[in-house]
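S.K.: coords below, sequence missing:
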């Protein structure tokens with residue numbers, strides 16, 4: 001008899017059931033009870049935890065089924081691996097619907113020997129084992145972004161949190177804008193399991209991982225290997241899965257809602273369901289998507305797939321006399337991005353460049369093989385546009401020999417911050433910071449915007465898709481820009497700021513320069529919790545304060561607090 005056919009066969013009401021372990025159980029007389037078919041773990045619903053419960057029971061010495069009939073998902077009189085797979089097919093693939101009683105409780109229309117249990121009277125009760133509680137349990141969208149342009153692929157990273165080891169998880173996302181193409185990935189194509197498996201110990205496939213998307217719904221499910229003792233350990237914000245999907249041609253740049261509608265974790269040991277907190281997030285498309293093809297496999301060289309590159313300057317806001325940062329981001333659909341050069345023009349009558357700050361570090365933490373950045377703020381010819389004066393330019397090479405020390409593919413990476421001071425006399429308007437070839441630095445050679453990929457230079461003129469996205473810097477009134485937690489108005493956050501707030505609140509001290517900035521926890525009111533939040537962030541490692549944190553910006557939260565008054 002094959003491995004997958006063991007467990008039970010149809011017999012009279014008084015049954016002897018021989019399990020894979022060789023243990024023999026004698027069951028008593030049948031007792032009718034209403035139940036839902038496929039609900040193996042007896043919690044009153046069919047979910048992926050039931051699939052794990054069945055495999056746990058069959059192959060890993062897990063808890064016994066409360067009643068075998070509950071786990072007979074396909075109603076063939078046998079509880080076996082196919083019953084777990086049927087649960088998976090119902091939830092994730094949409095290819096199977098359990099026979100009655102389903103989807104609600106009811107009597108078994110096909111009485112058989114599974115109506116009795118190895119435990120006396122166990123089949124006479126149903127729904128007695130509710131899901132487990134775990135306050136730390138969470139499923140969240142860690143990241144969802146596409147570089148766009150000629151690259152239609154979008155990557156969605158899912159993370160989970162749990163205090164217990166996890167043996168299965170399921171999620172349902174809703175693409176409310178309908179920008180993701182329908183897809184089906186039953187074999188793992190287009191998906192990455194991010195669990196750090198030991199391939200020397202477990203060289204064979206160790207899980208079932210499927211996903212499908214249709215009609216704006218995305219279902220994904222993961223079931224741990226049923227024959228080993230491996231599991232996903234508990235943790236907080238553990239990246240678990242990457243979904244590589246395709247955007248519809250012509251999708252404009254922008255943010256699109258991606259909402260978690262359902263989700264579940266499964267306790268590896270007991271097979272019981274855990275209801276996690278569901279954290280949704282936006283799907284960010286950085287450039288309008290073209291009409292080229294879309295593959296869910298990873299290209300390994302420019303010969304396998306055309307290069308699609310995005311250079312993006314990210315907009316910002318600043319006040320006259322204040323500081324602004326314009327991040328420079330690079331996205332590419334291929335491995336092998338070993339370096340870049342850039343030439344950026346700005347209006348020298350409005351902005352003065354102050355510095356270029358490197359943001360992306362090589363995975364090893366070692367220095368770049370080469371880097372040079374230059375700034376020119378001259379304004380010899382007022383009103384003159386172009387990169388003959390007023391520019392920022394530079395070049396960097398990460399590594400020409402180590403393929404692990406290159407930019408990660410299909411991810412928008414902030415490589416630099418280009419920082420400016422807004423000139424005090426600048427009008428309240430917008431000014432463009434733009435990519436423009438031709439800045440001439442100290443070497444006397446015009447600099448071009450280009451990327452070094454697999455040893456060759458790629459420029460907008462020769463790439464199949466090289467998109468340049470410029471930025472607008474908004475010059476806004478002083479009263480709308482601040483640094484969160486900066487109570488004393490010195491554009492930094494230190495211990496003097498909670499002292500300023502406490503003095504105002506309790507010692508009749510001067511009011512903070514900006515009440516919105518002093519609202520350190522961004523709850524819309526100024527009280528003792530704000531200096532506490534600042535102190536916790538500074539000294540207790542409680543993370544950064546809400547935006548705008550670390551650099552001046554506008555408040556993303558509308559509330560009753562303002563700058564310059566109460």
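M.R.: Structure's in. What do you need? Since the model is a prediction, treat every value here as computed from it, not as a measurement.

S.K.: let me know the secondary structure of the nearest residue to residue 146 once chain neighbours are set aside.
M.R.: Excluding the flanking residues, the one nearest residue 146 by CB to CB, 6 or more residues apart in numbering is residue 154, at 3.8 Å. In short, each C-beta sits where N, CA and C put it, glycine included. Classification of residue 154 by DSSP: H, G, I helix; E, B strand; the rest coil places it in strand.

S.K.: quick one: contacts for residue 154?
M.R.: Counting by CB atoms under 8 Å, 6 or more residues apart in numbering, residue 154 touches 144, 145, 146, 180, 244, 245, 246, 247, 283, 285.

S.K.: then residue 359?
M.R.: Counting by CB under 8 Å, 6+ apart, residue 359 touches 327, 414, 415, 416, 417.

S.K.: now the residues you listed as JSON lines including distance to residue 438, pLDDT and secondary structure?
M.R.: Below are the contacts of residue 359 laid out as JSON lines (distance: CB to CB, whole Å; pLDDT from 0 to 100; DSSP: H, G, I helix; E, B strand; the rest coil):
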{"residue": "327", "distance to residue 438": "22", "pLDDT": "92", "secondary structure": "strand"}
{"residue": "414", "distance to residue 438": "25", "pLDDT": "90", "secondary structure": "strand"}
{"residue": "415", "distance to residue 438": "21", "pLDDT": "94", "secondary structure": "strand"}
{"residue": "416", "distance to residue 438": "19", "pLDDT": "94", "secondary structure": "strand"}
{"residue": "417", "distance to residue 438": "23", "pLDDT": "92", "secondary structure": "strand"}
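
S.K.: tell me the mean pLDDT over stretch 346-362?
M.R.: Averaging pLDDT along stretch 346-362 yields 93.

S.K.: for it, which residues meet the burial criterion?
M.R.: Neighbour-count burial for stretch 346-362, counted by 16 or more other CB atoms under 10 Å, picks out 346, 347, 348, 349, 350, 351, 352, 353, 354, 356, 360, 362.

S.K.: which one of those is nearest residue 191?
M.R.: Distance to residue 191 across these (CB to CB) is lowest for residue 360, with 26.0 Å.

S.K.: neighbour-wise, which one of the contacts of residue 154 leads?
M.R.: Neighbour counts for the contacts of residue 154 peak at residue 146, which has 31 neighbours (criterion: other CB atoms under 10 Å).

S.K.: hang on, isn't it packed against residue 156?
M.R.: No - counting by CB atoms under 8 Å, residue 146 stays clear of residue 156, with 9.6 Å between them.

S.K.: tell me, what's touching these two both at once?
M.R.: Common neighbours of residue 146 and residue 156 (CB under 8 Å, 6+ apart) are residue 283.

S.K.: in the stretch 201-350 of the chain, which segments are predicted with low confidence?
M.R.: Judged by pLDDT under 70, the stretch 201-350 of the chain has its weakly predicted residues at 201-206, 225-230, 296-307.

S.K.: in it, which spans are strands?
M.R.: Shown for the stretch 201-350 of the chain, the strands assigned by DSSP state E, counting those that start in this stretch span residues 207-214, 217-224, 235-246, 254-267, 273-274, 277-279, 281-285, 308-313, 316-318, 323-332, 337-345.

S.K.: for residue 543, which of those is the nearest?
M.R.: Nearest of those to residue 543, taken as CB to CB: strand 235-246 at 11.7 Å.

S.K.: quick one: that closest one to strand 281-285, angle?
M.R.: 40 degrees (axes from the mean of the first three to the mean of the last three CA atoms, to 10 degrees).

S.K.: can you tell me the SS state at residue 363?
M.R.: Following three-state DSSP, we place residue 363 in the coil state.

S.K.: so it versus residue 405, what's the distance?
M.R.: Here the criterion is CB to CB, to the nearest Å. By it, residue 363 lies 6 Å from residue 405.

S.K.: so for the two, which residue has more residues nearby?
M.R.: residue 405 (17 against 11).

S.K.: how many other residues sit next to the nearest residue to the more buried one once chain neighbours are set aside?
M.R.: Sequence neighbours aside, residue 399 is the residue nearest to residue 405 in space, at 3.8 Å (criterion: CB to CB, 6+ apart). Per other CB under 10 Å, the neighbour tally for residue 399 reads 17.

S.K.: tell me the secondary structure at residue 399.
M.R.: Strictly by three-state DSSP, residue 399 counts as coil.

S.K.: and stretch 412-424, what's buried?
M.R.: So stretch 412-424, judged by 16+ other CB under 10 Å, has buried residues 412, 413, 415, 416, 417, 418, 419, 420, 421, 422, 423.

S.K.: need these in a markdown table (columns: distance to residue 439).
M.R.: Listed next are those as a markdown table, based on distance: CB to CB, whole Å:
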| residue | distance to residue 439 |
| --- | --- |
| 412 | 24 |
| 413 | 22 |
| 415 | 17 |
| 416 | 15 |
| 417 | 18 |
| 418 | 12 |
| 419 | 17 |
| 420 | 16 |
| 421 | 19 |
| 422 | 21 |
| 423 | 20 |
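
S.K.: now, the residues you listed that are in strands?
M.R.: Counted as lying in strands by DSSP state E, out of the buried residues of stretch 412-424, are 413, 415, 416, 417, 418, 419, 420, 421, 422.

S.K.: tell me the contacts of residue 397?
M.R.: Taking CB under 8 Å, 6+ apart as the contact definition, residue 397 lies against 338, 339, 368, 369, 370, 371, 452.

S.K.: that one - nearest residue in space that isn't next to it in sequence?
M.R.: That would be residue 339: by CB to CB, 6+ apart, it lies 3.7 Å from residue 397.

S.K.: and for the one you found, the neighbour number?
M.R.: 21.

S.K.: residue 456 too?
M.R.: Residue 456 has 12 neighbours, counted by other CB under 10 Å.

S.K.: so the residue nearest to residue 397 touches residue 394, yeah?
M.R.: No - proximity of residue 339 to residue 394 does not meet the contact threshold set by CB under 8 Å, at 11.0 Å.

S.K.: quick one: terminal-to-terminal distance for stretch 518-526?
M.R.: Length of stretch 518-526, first residue to last, CA to CA, to the nearest Å: 7 Å.

S.K.: please apply the same query to stretch 399-417.
M.R.: In stretch 399-417, first residue to last residue: 21 Å (CA to CA).

S.K.: cool, stretch 109-123 as well?
M.R.: Termini of stretch 109-123 sit 15 Å apart (CA to CA).

S.K.: check stretch 211-222 too.
M.R.: Stretch 211-222 has an end-to-end distance of 9 Å (criterion: CA to CA).

S.K.: which residues are contacting that stretch?
M.R.: Under CB under 8 Å, 6+ apart, the answer for stretch 211-222 is 48, 88, 91-94, 156, 158, 168-176, 178, 180-186, 190-191, 193, 207-210, 240-241, 243, 245, 261.

S.K.: give me that answer again for 6 Å
M.R.: Residues outside stretch 211-222 that contact it (CB atoms under 6 Å, 6 or more residues apart in numbering): 48, 88, 91-92, 169-175, 178, 180, 182-185, 191, 209-210, 243.

S.K.: could you pull up phi and psi at the residue nearest to residue 405?
M.R.: phi -160, psi 140 (degrees, to the nearest 10).

S.K.: just checking, it touches residue 407?
M.R.: No - with contact defined as CB atoms under 6 Å, residue 399 does not reach residue 407; the gap is 10.7 Å.

S.K.: domains of the chain?
M.R.: 3-124, 138-285, 308-475, 479-554 (automatic domain parsing).

S.K.: pLDDT at the residue nearest to residue 146, what is it?
M.R.: pLDDT for residue 154: 90.

S.K.: now swap in the one 4 residues further on and tell me
M.R.: Model confidence at residue 158, expressed as pLDDT, equals 94.

S.K.: and the helix or strand harbouring it, how far from the chain's centre?
M.R.: Taking DSSP states H and E as the definition, residue 158 sits inside strand 153-162. The chain centre lies 4 Å from the centre of strand 153-162; the measure is CA atoms, centre = their mean, to the nearest Å.

S.K.: tell me which strands it pairs with, and in which orientation.
M.R.: Using DSSP bridges, the strands paired with strand 153-162 are strand 138-146 (antiparallel), strand 235-246 (antiparallel).
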